[in-house]
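Visitor: Kindly return the folded structure for what I paste below:
(2 chains)
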Amino acid sequence: MSAGTVPSRGAAVAARRGSERAAALRTAARPLLFLAPALLLYGGFLVLPTLGSIPLALFDWSGAGPIRHFVGFDNFSAVLRDRQFRDAALHNAWLFAGLFVFTNVVSLGLAILLDRRYRLRDVYRAIVFLPYVLSTIAIGFVWQLLLSPNIGLLNPALEAVGLDGLTHAWLAEPGTALWVLIAAFAWQWNALATVTFLAGLQNVPRELREAARIDGARGWRVLKDVTVPALAPAFTTVNVLLVIFAFRAFELAYVITGPVGAPGGSTLLMGVSIYANAFPTSGGYSSATNVSYAMAQGVTLSIVLGLVALAMLVLLTRRERRVR
Amino acid sequence: MSVEVLAEPDARVRARAAFRRRERLRSLRGQAPLVLACLLVLAPCWFLALGAFKSVSEFFESPFGLPRSWSVHNFTDAWEQAGLTTAFRNSVVITAASVFLSTACAALASFAIARLRFRGATVVQLALVAGLVLPTQLIVIAAFVEMRWLGLLGTILPVILFYGVSGIPIGVLFLVGFFRAIPDALTEAAAIDGAGTWRQFRDVVLPLARAPIMTVAILNSVWIWNDFFVPLVFANQESLQTVPLAILNFYGANTTDYGLVFAGVVMSAIPVVAVYVAMTRQFIGGVMAGGVKG
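Guide: Residues are numbered from 1 along each chain as shown, chains lettered A, B, ... in the order given. So this is what the prediction gives:
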C-alpha cells in the first residue's frame, strides 16, 4: 500500500518540480526571446564586423583574392608614418576646433534667443532646424555652386561692396578650401547643436533667470552667472556629439571636395581617406585598393575618436560637478 | 500729502512704460540675429529651389533672380536621365524595411530591458547604445567583406540590414526610458486577466508608447532617406541605387547642367521637407528629448 503511494507521491513531487523548473526556465528565457532579434542583428552586423576588422588589419590584403600574408603591426606603423593621413588628422582637428568655437558661440547664442517668447518663435525654430532634414548631397551641391568663382554668391557679394581684392576661387585654393568646407559643415551642424542647447535651456527654470533680473542683474550677468552654469549638461552632450561628428565626418567633404580632398589633398579628412583606400573610386582616380591598410586606418581613427570623446566627457562632467 | 498720492501712480505708469519700451527693444535686438540666421539658412534653399527651373545660361546671368519661365522640363528630364523611378522605389523599400526592422528590434529589446527583470539588463542596454559612437567607416568595410561572403551583394539586403542595425542604438536610447515610465499596475492588471508577457507587450505597452515609437521611426527615416554612404558601399550598381546616390552619380556625369542636377536634388528633398513642414513640432521635440537624455 505504502509502497504504492510513495512512488506516486514522489512522481507527483518530481513532476511538480519539473514543471516548476520548466516554468522557471521559461521565465528566464523570456527576456532572451525579446532580446533575440536585436542581439542577433547587432551581433551579426555590427559587433562581428567591428571585431573582424582588427585581425584583418594585421594582414596584407588588397580586398580581393585570398588573405595570405600576415604582417603584424606593419599597417599600423605605416599609418602613423603616413604623411597624408597625419595631414588628414590635422584637418579633422581643425574642423573640430572651428566647429567648437562656432557651436559654443553661435549655436548657443541662437538657442538662447530661440528660448525667449516671440510671436514668430516657432517659425524661427523651424527654419533654424531645417538643415537637419536636408540631405548632405543637397547641401554639398549648393555650397559648391555658391562658392564657385563664376556663379557663386560670395564673390559677387564681395565685388558689390567694393572688396574685389578679397575674392577667391574658394574651393580651388589650398589656403581657403578647408575653411569654406568647415563653414559648410557649420551650416549643417548648427541645427542639431542649437536644438540640443535649446533642450538644455528648457531645463533651466525660467523663474531663476527672472529672479536674477529682478535683483538687478543685467542681461550679460544673467547669461554668465545663471543660464550658462545651468546649461552644463547640455554643454557635455553637444560637445561630445561634436567630437563624434567632427572626427567621423565624411559625406559633406566627399560631395564638396571629392575622394582625394581637392585641391591636392588640402581638405582630405580621415574618413574620406579610409574610404578611398578601401573602395575603388570612380572618376579617373586610383582604383587600387588596400583594405587591410584602410582597416588599420579605421582602427586608428576609432582609438583617436574614443580617446578624444572620453577626454571630453571626463573634462566636461568634472566641470558640470564643479559648476553645481 | 495729496501731491505724493498723485505722483506715485504717475511714476509707476512711467516706470512701467519705460520697462515695456526696454522689453520691446530687447525683443527687437534679440530677433535681429534670428532673422539673419534664418536668412543664412534660407538663401541656399532659395538658390536651390529657383535654380531647378533655370537653364545653364540663366544660371550665369542671374543666379539669384527669378527664373524666366516656370517650366518643369528640368524635372521631367532629370527624372528620366537620373533613373529616378528605380531609385525612388529602392529608397522607399529600403527606408520602410530598415525602419521597421530597427524599430521592431529596438522596441522588443527595450521592453525586455525596461520591464522584464533579469540580470545584466543594464549591461545589455549599454552595449546596445554604445553602437552610436562606432565609426561607420570602419564597420562598413568589414561588413562589406561579410556581406560578400554571405552572397548578399547585388541585392538591397545588405543596405537594409546595415541601416536596420544602425537604427537600433537610438531606438533603445529613447524607448527604455518611456517603457519604464509606464506604471507597473497596468501590466499587472493585464497579467491578472491572463495576459502573457507577449500580450502585455503588444496590447498594453506598445499602444501607450505610440508617440516615442513614432519619434524614433521619424528620426531614423530622415537620415536613412538622406544617407548616401551606405548605398555607395553596398549598392554600386544602377538597379540598386537609392535617390541620393542616383543624384550623386547623375551629377558626376552632368557637372555643367546645374538646373537638371538641382531639379533632381529638389525632387529628392520634397518628401522629407513635406513631412518636416507637416510635423515640425514632433521633429524638434523628438530631437530635444534625445538631446536631454543622450
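
Visitor: Determine the longest helix present in chain B.
Guide: As assigned by DSSP state H, the longest helix anywhere in chain B is helix B:2-51.

Visitor: Show me what it is packed up against.
Guide: If contacts are counted by 3 or more CB pairs under 8 Å, 6 or more residues apart in numbering or on different chains; DSSP states H and E, helix B:2-51 sits against helix A:108-114, helix A:121-129, helix A:136-146, helix A:174-202, helix B:258-278. All C-beta atoms are positioned from the backbone trio N, CA, C, and that covers glycine.

Visitor: can you tell if whichever helix or strand comes after it touches chain A?
Guide: Scanning the chain past helix B:2-51 towards its C-terminal end, the next helix or strand to appear is helix B:56-61 (assignment: DSSP states H and E). Yes. Residues of helix B:56-61 are located near chain A by CB under 8 Å from any CB of the partner chain, namely B:Phe59, B:Phe60.

Visitor: Give me whichever of the helices and strands packed on helix B:2-51 is most buried.
Guide: Sort these by mean neighbour count, taking mean count of other CB atoms under 10 Å in any protein chain shown, and helix A:136-146 sits at the top with a mean of 24.

Visitor: can you list the residues that contact the helix or strand that it is followed by?
Guide: Moving toward the C-terminus from helix A:136-146, the first helix or strand encountered (DSSP H and E) is helix A:154-160. Taking CB atoms under 8 Å, 6 or more residues apart in numbering or on different chains as the criterion, the residues outside helix A:154-160 that touch it are A:Leu146, A:Leu147, A:Pro149, A:Asp164, A:Leu166, A:Thr167, A:His168, A:Trp170, B:Pro63.

Visitor: could you redo the last one with a cut-off of 7 Å?
Guide: Contact partners of helix A:154-160, identified using CB atoms under 7 Å, 6 or more residues apart in numbering or on different chains, comprise A:Leu146, A:Leu147, A:Pro149, A:Asp164, A:Leu166, A:Thr167, A:Trp170.

Visitor: just stretch A:247-254 next, same as before
Guide: Residues from elsewhere that reach stretch A:247-254, judged by CB under 7 Å, 6+ apart: A:92, A:95-96, A:136, A:139-140, A:181, A:184-185, A:188, A:267, A:269, A:271-272, A:275, A:301, A:304-305, A:308, B:135-137, B:228-229.

Visitor: Reformat the helices and strands packed on helix B:2-51 into JSON lines and put distance to A:Ala217 next to each item.
Guide: Putting the helices and strands packed on helix B:2-51 into JSON lines (distance: least, CB to CB, whole Å) gives the following:
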{"stretch": "helix A:108-114", "distance to A:Ala217": "15"}
{"stretch": "helix A:121-129", "distance to A:Ala217": "24"}
{"stretch": "helix A:136-146", "distance to A:Ala217": "40"}
{"stretch": "helix A:174-202", "distance to A:Ala217": "17"}
{"stretch": "helix B:258-278", "distance to A:Ala217": "38"}
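
Visitor: And the ones you listed: which comes nearest B:Leu50?
Guide: Counting by CB to CB, B:Leu50 lies closest to helix B:258-278 out of these; the figure is 8.6 Å.

Visitor: What angle do helix B:258-278 and the helix or strand following that closest one make with each other?
Guide: Using DSSP H and E, the helix or strand that directly follows helix B:258-278 along the chain is helix B:280-293. Interaxial angle, helix B:280-293 versus helix B:258-278 (axes from the mean of the first three to the mean of the last three CA atoms, to 10 degrees): 80 degrees.

Visitor: Burial check on the nearest residue to A:Gly219 once chain neighbours are set aside, number of neighbours?
Guide: Using CB to CB, 6 or more residues apart in numbering or on different chains and skipping the chain neighbours, the partner closest in space to A:Gly219 is B:Arg26 (7.5 Å). If you count neighbours by other CB atoms under 10 Å in any protein chain shown, B:Arg26 ends up with 12.

Visitor: same question, A:Pro156
Guide: Using other CB under 10 Å, A:Pro156 is surrounded by 13 other residues.

Visitor: Look up how far A:Gly258 lies from the residue of the stretch 151-300 of chain A found nearest chain B.
Guide: Here the residue of the stretch 151-300 of chain A nearest chain B is A:Gly298; by CB to the nearest CB that distance is 3.2 Å. In this structure, A:Gly298 lies at 20 Å from A:Gly258, with CB to CB, to the nearest Å as the measure.

Visitor: who has more neighbours, the two?
Guide: A:Gly298 (29 against 18).

Visitor: excluding its backbone neighbours, what's nearest the residue nearest the centre of chain B?
Guide: A centroid search over chain B (CA atoms, centre = their mean) returns B:Val222, at 3.2 Å, as the residue closest to the centre. Once its chain neighbours are removed from consideration, B:Val222 has its nearest residue in A:Val133; the separation is 5.5 Å (CB to CB, 6+ apart).

Visitor: mind listing what the closest residue to B:Gly285 other than its chain neighbours touches?
Guide: Nearest-residue entry for B:Gly285: B:Thr215, 7.5 Å, with adjacent residues in sequence omitted and distances by CB to CB, 6+ apart. Neighbouring residues of B:Thr215 by CB under 7 Å, 6+ apart: B:Phe174, B:Gln282, B:Gly286, B:Ala289.

Visitor: Could you check how far B:Thr215 is from B:Leu40?
Guide: 28 Å.

Visitor: now do A:Thr176
Guide: Here the distance between A:Thr176 and B:Leu40 works out to 19 Å (CB to CB).

Visitor: Kindly report the same for B:Gln237.
Guide: In this structure, B:Gln237 lies at 39 Å from B:Leu40, with CB to CB as the measure.

Visitor: Please say which of those two ends up with more neighbours.
Guide: Neighbours per residue, other CB under 10 Å: of B:Gln237 and B:Leu40, the larger number sits with B:Leu40, 13 against 8.

Visitor: got the contact list for that one?
Guide: Taking CB under 7 Å, 6+ apart, one finds nothing in contact with B:Leu40.

Visitor: before we move on, the earlier item: on the pLDDT front, check the residue nearest to B:Gly285 for me.
Guide: Listed pLDDT for B:Thr215 reads 86.

Visitor: And A:Ser2, by the same measure?
Guide: Per-residue pLDDT puts A:Ser2 at 44.

Visitor: What of the one 4 residues further on?
Guide: Looking at A:Val6, its pLDDT is 48.

Visitor: so who does residue 245 touch?
Guide: Defaulting to chain A. The contact partners of A:Phe245, by CB under 7 Å, 6+ apart, come to A:Trp189.

Visitor: sorry, should have said chain B
Guide: B:Leu245 makes contacts with B:Phe228, B:Pro231, B:Leu232, B:Ala235, as judged by CB under 7 Å, 6+ apart.

Visitor: which one of the residues you listed is nearest A:Ser53?
Guide: B:Leu232 (18.4 Å).

Visitor: which residues sit in contact with the closest one?
Guide: Applying CB under 7 Å, 6+ apart to B:Leu232 gives the contacts B:Leu245.

Visitor: related to what we said a few turns ago, in helices only, show me the contacts of B:Leu245.
Guide: Applying DSSP H to the contacts of B:Leu245, the entries found in helices are B:Pro231, B:Leu232.

Visitor: I'd like the contacts of B:Leu245 as CSV, with pLDDT and distance to A:Phe59 appended.
Guide: Below are those laid out as CSV (pLDDT from 0 to 100; distance: CB to CB, whole Å):
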residue, pLDDT, distance to A:Phe59
B:Phe228, 89, 30
B:Pro231, 93, 28
B:Leu232, 89, 25
B:Ala235, 85, 27
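
Visitor: of the contacts of B:Leu245, buried ones?
Guide: Of all these considered here, the ones buried according to neighbour count by 16 or more other CB atoms under 10 Å in any protein chain shown are B:Phe228, B:Pro231, B:Leu232, B:Ala235.
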